[in-house]
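> Everything below, folded, please.
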Amino acid sequence: MSCSFVVADDFNVELTASKDTFARSTDRNSNSGASEYIMLAPMPGTIGLIAFDLSSITNEIISAEVLFRIHESSRTPLSLMVSPLVYNEMNPKWIEGTGNLGIRGQNATIGEATFQWRAFRDQPWQDNDGEKVVNLMSSDLWNPPIHTFSSVNWDEGIWLSAPMDDPALLEEIRTNDLPTVTFGIWGTSGNGVYKVSAKESGHPAKLSLTLKEN
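Numbering: from 1, shown residues only. The predicted structure follows:
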């Protein structure tokens, strides 16, 4: 798993996404991990996944924000939500995959993220109690939203910021054996196909952190 960061000043670091993809309920076992965008169309069951590797973070996290870029303009605004995935020993292990057919995706292989399973046909997503959930839209799979956006004008190149005022979850994850945090992004209302830039586009999502001095 790769990770890169740029030090902004003594107490700020910026991580880039280590993996990202999107999955649709209509293509439950497909993977679009190598696409240049993450689709957020507000249709039933369309989830974007963006993960960050926290292994380079050794200081206490004071605050954080997730930043992502609008990949392509759309005529109508979009409302959307950003939530952290429930953390357990299974959920961070999803693999982005090599599907690069855009909206269609392609069949996932073992280990790759899908709507129904973390891994194709064998490993389910799990809730806080380690119980398998139905699919990526299951409410038990997501922590409370860190931010909701209402009627955002969808213009290419604009960066959106979702602040995470309570970093307790990140603090828990960064000291774990698998320090990977995953955020889900999905549209809640709009009319059209909406796209966020994936790391393959050259404009990966970012996690901007404010750290406490030692």
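> which SSE is the residue nearest the centre of the chain in?
By Cα atoms, centre = their mean, the mean C-alpha position of the chain lies nearest to residue 50, the distance being 2.3 Å. Using DSSP states H and E, residue 50 falls within strand 46-53.
> again with residue 172
Per DSSP H and E: helix 168-174 holds residue 172.
> what's in contact with that helix?
54-55, 57, 60-61, 64, 84, 87, 92, 143, 164, 179-181, 209 (Cβ atoms under 8 Å, 6 or more residues apart in numbering). Every C-beta, even on glycine, is put in place using the N, C-alpha and C of the backbone.
> buried residues in that helix?
169-170, 173-174 (16 or more other Cβ atoms under 10 Å).
> Could you do stretch 99-117 as well?
Buried positions in stretch 99-117, judged by neighbour count with 16+ other Cβ under 10 Å: 99, 103, 105-106, 108-109, 111-117.
> With only the CA atoms kept, save it in PDB.
Written as PDB, here are the backbone C-alpha positions of stretch 99-117 (Å, rounded to 0.1, in the frame of the first residue of the first chain):
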ATOM      1  CA  GLY A  99     -11.300  -2.500 -13.600                       C
ATOM      2  CA  ASN A 100     -11.000   0.500 -16.000                       C
ATOM      3  CA  LEU A 101     -14.200   0.400 -18.100                       C
ATOM      4  CA  GLY A 102     -15.700   3.400 -16.300                       C
ATOM      5  CA  ILE A 103     -19.400   3.200 -15.400                       C
ATOM      6  CA  ARG A 104     -19.600  -0.400 -16.700                       C
ATOM      7  CA  GLY A 105     -16.700  -1.700 -14.600                       C
ATOM      8  CA  GLN A 106     -15.600  -5.200 -15.000                       C
ATOM      9  CA  ASN A 107     -16.000  -8.400 -12.900                       C
ATOM     10  CA  ALA A 108     -14.000  -8.100  -9.700                       C
ATOM     11  CA  THR A 109     -11.400 -10.700  -8.700                       C
ATOM     12  CA  ILE A 110     -10.800 -12.000  -5.100                       C
ATOM     13  CA  GLY A 111     -10.000  -9.200  -2.800                       C
ATOM     14  CA  GLU A 112     -11.300  -6.400  -4.900                       C
ATOM     15  CA  ALA A 113     -14.000  -4.100  -3.600                       C
ATOM     16  CA  THR A 114     -17.500  -4.600  -4.800                       C
ATOM     17  CA  PHE A 115     -21.000  -3.400  -3.800                       C
ATOM     18  CA  GLN A 116     -21.900  -6.800  -2.200                       C
ATOM     19  CA  TRP A 117     -18.500  -8.000  -0.900                       C
END
